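Enquirer: Just need the structure, nothing else, for what follows:
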Amino acid sequence: MRWQTVRQFLWGEIPSSKLERRLLLKLDWFILSYCCLMYFTNYLDRANVNNAYVSGMKQELNMQGNDFNIINTVFTCGYIVGMIPNNLMLQVVPPRLWFPSMQIVWGVLTFCSSSVHNVQQLYAIRFFQGVSEASTFVGTHYILGSWYKPGELGKRSGIFTSSGLAGTLFSGVLQAAVYQHLGGVGGRSGWRWLFIIDGVITLPIALYGFLVFPDVPSTTKAFYLSEEERALSRDRLDSDVVHHSLSWDLAKRVLSRWRWYGCSLLFAISGETESFCSNNLMGQWLSAIGGYTVEQVDYYPSGVTAFGIASTLVCATWTDYTRARWPVLVYMCFCCTVAAICILVWSSPTGLKFFAYYFAGASYAGQATTFAWANQICADDYQERAVVLASMNMWNNAVNAWWPLLFYPATDAPRFKNGMIAMICTCAATLVATWMVWYLERREQRFAKRKAMEHIDQMREDSPSPIKKDEPLKDE
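Expert: Numbers count the residues shown, from 1 in each chain. So this is what the prediction gives:
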């Protein structure tokens, strides 16, 4: 019994049969392996722009003022444009074709980034990379919610999110190695080689996706799943799911419920706690105060990501076991508030600032948990779930398009005073939004339970034979 409890805590809900256990093993191997590798290259590309900026790209492209922030804003605009269309395309085009195709597009564009001669060319490339990369994060959360039960979902979402963080972690190490060993080879700067290597890593993973990705349970033809396993994958999640054809009725369903509004607002706000990490504030701080080599500026911020991975995995494990998602957001807000205060007090020791930036890595823990929560809330409607997940990320990126320009411009390094104040306010607003979603979910659950009881009572009244209240209804 004790071993089962430990196993359930570490890996989620225990399968009820050998068939289900075998199915889960295959899903974990093929779905998670491809999605994690895809997201790894996705984040590797994003982080490499940050590392290239502090490793010679700024000087070579003669970047001035907020050019770096504009690069990220242009990428974000493309990401917003591609968000909902990419997720709706998964309802039309098989995911095993759509995901790898988009990955090939951004892989080719990454190669192109190695040959730019001015920052305007990089703007154009980053916009279209944003459109293609928008397929990955939300699309994968939609796929995970299509295959896994609520008690299995948090850990898998955490592993997927951590793979992207691993891309960020690896990027700093890769950039330092490339700068040291490939800088100047073939007449190319180290940061240009970084984009070439990124593209070389990306394309073979896309081929792997074409071969093994299983689509969704209702349409899967994966060669490694038996007919029994395919039937089980549909039956174990379909009991409470309402199926709809794709039509304008979807807009009515989405806009008439609280889910789209609540979940979108929650991640639009809470996602900005990641500003510590997504804008590489630690790297900009180290570069601005001086006294650190290029390799150190690339290496040291990796600790932020490492703490983010640890927080994500621990929190995801805990939420699957307890089924409570909101405490992770409270933990994230606490860590980010403490970090912001430590940096805001500029007279604090350098060692404390290092601790603050690393501690802020906890902001990544909320990402996997928030999307697992939304998957859980919208589990009864596939199409609504696709739109809600895409909208959450879309609204967050809509805010993120201007948020760094206002609160974290490169010209504010190394102090980022306005940014730290904004971070404290963001954490407070996240707590309010978290309470609101928790309350609305609880209210919806109570209403559904009351409606189910009324239905049972009505069946008892309509039954030709008297049924006792304590007697369960039997299937005929």
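Enquirer: I'd like to know how far E444 sits from V437.
Expert: Distance, E444 to V437, by C-beta to C-beta, to the nearest Å: 11 Å. For the C-beta atoms, the positions are set from N, CA and C on the backbone; glycine is no exception.
Enquirer: Going by how many neighbours each has, rank the two and give me the top one.
Expert: Legend: neighbour count by other C-beta atoms under 10 Å for E444 and V437, higher for V437 (24 against 14).
Enquirer: what residues are up against the residue lying closest to the more buried one once chain neighbours are set aside?
Expert: Counting by C-beta to C-beta, 6 or more residues apart in numbering, V437 lies nearest to G262, which is 4.7 Å off, once chain neighbours are set aside. G262 is in contact with 433, 436-437, 440, counting by C-beta atoms under 8 Å, 6 or more residues apart in numbering.
Enquirer: what's the helix or strand for G262?
Expert: helix 258-270 (DSSP states H and E).
Enquirer: Kindly export that helix (C-alpha atoms) in CSV.
Expert: Written as CSV, here are the backbone C-alpha positions of helix 258-270 (Å, rounded to 0.1, in the frame of the first residue of the first chain):
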residue,chain,number,x,y,z
TRP,A,258,-17.0,31.9,-17.7
ARG,A,259,-14.1,29.5,-18.7
TRP,A,260,-12.7,31.5,-21.6
TYR,A,261,-12.8,34.8,-19.6
GLY,A,262,-11.4,33.4,-16.4
CYS,A,263,-8.6,31.2,-17.8
SER,A,264,-7.5,33.9,-20.3
LEU,A,265,-7.4,36.5,-17.6
LEU,A,266,-5.5,34.3,-15.3
PHE,A,267,-2.6,33.5,-17.7
ALA,A,268,-2.6,37.0,-19.3
ILE,A,269,-1.6,38.2,-15.8
SER,A,270,0.3,35.3,-14.3
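Enquirer: Show the average pLDDT along it.
Expert: Average pLDDT, helix 258-270: 94.
Enquirer: Which residue ranges of the stretch 251-400 of the chain form helices?
Expert: 258-270, 275-278, 281-289, 294-299, 302-322, 326-344, 350-359, 365-377, 382-400 (DSSP state H, counting those that start in this stretch).
Enquirer: Over to the stretch 101-250 of the chain?
Expert: 119-133, 137-147, 150-181, 190-212, 227-235, 249-255.
Enquirer: Comparing those by mean pLDDT, which bottoms out?
Expert: helix 150-181 (a mean of 78).
Enquirer: Specify the angle between it and helix 137-147 in degrees.
Expert: 150 degrees (axes from the mean of the first three to the mean of the last three C-alpha atoms, to 10 degrees).
Enquirer: how about helix 150-181: buried residues?
Expert: For helix 150-181, the neighbour count (16 or more other C-beta atoms under 10 Å) marks 150-172, 174-176, 178-179 as buried.
Enquirer: Next, format the helices of the stretch 101-250 of the chain as a markdown table and append distance to C315.
Expert: Converted to a markdown table, the helices of the stretch 101-250 of the chain look like this (distance: least, C-beta to C-beta, whole Å):
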| stretch | distance to C315 |
| --- | --- |
| helix 119-133 | 25 |
| helix 137-147 | 16 |
| helix 150-181 | 7 |
| helix 190-212 | 27 |
| helix 227-235 | 27 |
| helix 249-255 | 28 |
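Enquirer: So which of these is nearest Y79?
Expert: Distance to Y79, taken as C-beta to C-beta, is lowest for helix 119-133 among the helices of the stretch 101-250 of the chain, at 3.9 Å.
Enquirer: Might you calculate how far that closest one sits from the centre of the chain?
Expert: For helix 119-133, the separation from the chain centroid amounts to 20 Å (computed by C-alpha atoms, centre = their mean, to the nearest Å).
Enquirer: again with stretch 74-93
Expert: With C-alpha atoms, centre = their mean, you get 14 Å for stretch 74-93.
Enquirer: One more: stretch 291-304?
Expert: A distance of 25 Å separates the centroid of the chain from that of stretch 291-304, by C-alpha atoms, centre = their mean.
Enquirer: re earlier: for the helices of the stretch 251-400 of the chain, state which one has the densest average packing.
Expert: helix 365-377 (a mean of 27; mean count of other C-beta atoms under 10 Å).
Enquirer: elements contacting that helix?
Expert: Helix 365-377 sits against helix 137-147, helix 150-181, helix 258-270, helix 302-322, helix 326-344, helix 382-400, helix 417-462, with contacts defined as 3 or more C-beta pairs under 8 Å, 6 or more residues apart in numbering; DSSP states H and E.
Enquirer: who touches Y34 in this structure?
Expert: Y34 is in contact with 99, 205, 208-209, 212-213, counting by C-beta under 8 Å, 6+ apart.
Enquirer: my read: G82 touches F127, true?
Expert: No. With contact taken as C-beta atoms under 8 Å, G82 and F127 are classed as non-touching, separated by 9.9 Å.
Enquirer: What backbone torsions are found at T219?
Expert: Backbone torsions for T219, taken as degrees, to the nearest 10, come to phi -120, psi 0.
Enquirer: Pull up the gap between it and V387, please.
Expert: Counting by C-beta to C-beta, the gap from T219 to V387 is 19 Å.
Enquirer: wait, which of the helices of the stretch 101-250 of the chain is closest to L25?
Expert: helix 227-235 (10.4 Å).
Enquirer: where in the protein is pLDDT low?
Expert: 1-13, 172, 175, 238-247, 462-476 (pLDDT under 70).
Enquirer: make it 50
Expert: Counting by pLDDT under 50, the low-confidence segments of the chain come to 239-241, 467, 469-470, 473-476.
Enquirer: what does stretch 157-168 contact?
Expert: So stretch 157-168 is contacted by 32, 35-37, 39-47, 137, 140-141, 144, 277, 302, 305, 308-309, 312-313, 315-317, 364, 367-369, 371-372, 375 (C-beta under 8 Å, 6+ apart).
Enquirer: just to revisit the earlier point, G82 and F127 - which one has more neighbours?
Expert: G82 (25 against 20).
Enquirer: Enumerate every residue touching the more buried one.
Expert: G82 neighbours (C-beta under 8 Å, 6+ apart): 130-135.
Enquirer: K252: which of those is nearest?
Expert: K252 lies nearest to A134 out of the contacts of G82, by C-beta to C-beta, at 25.0 Å.
Enquirer: circling back to that earlier point, to C336, which of the helices of the stretch 101-250 of the chain lies closest?
Expert: Nearest of these to C336, taken as C-beta to C-beta: helix 150-181 at 16.0 Å.
Enquirer: Give me the distance from the closest one to the chain's centre.
Expert: 11 Å.
Enquirer: Check stretch 211-228 too.
Expert: That offset, for stretch 211-228, works out to 24 Å (C-alpha atoms, centre = their mean).
Enquirer: got it, and stretch 300-319?
Expert: Centre to centre, stretch against its chain (C-alpha atoms, centre = their mean), the figure for stretch 300-319 is 13 Å.
Enquirer: got it, and stretch 357-372?
Expert: With C-alpha atoms, centre = their mean, you get 10 Å for stretch 357-372.
Enquirer: Next, the distance between the ends of it.
Expert: 26 Å (C-alpha to C-alpha, to the nearest Å).
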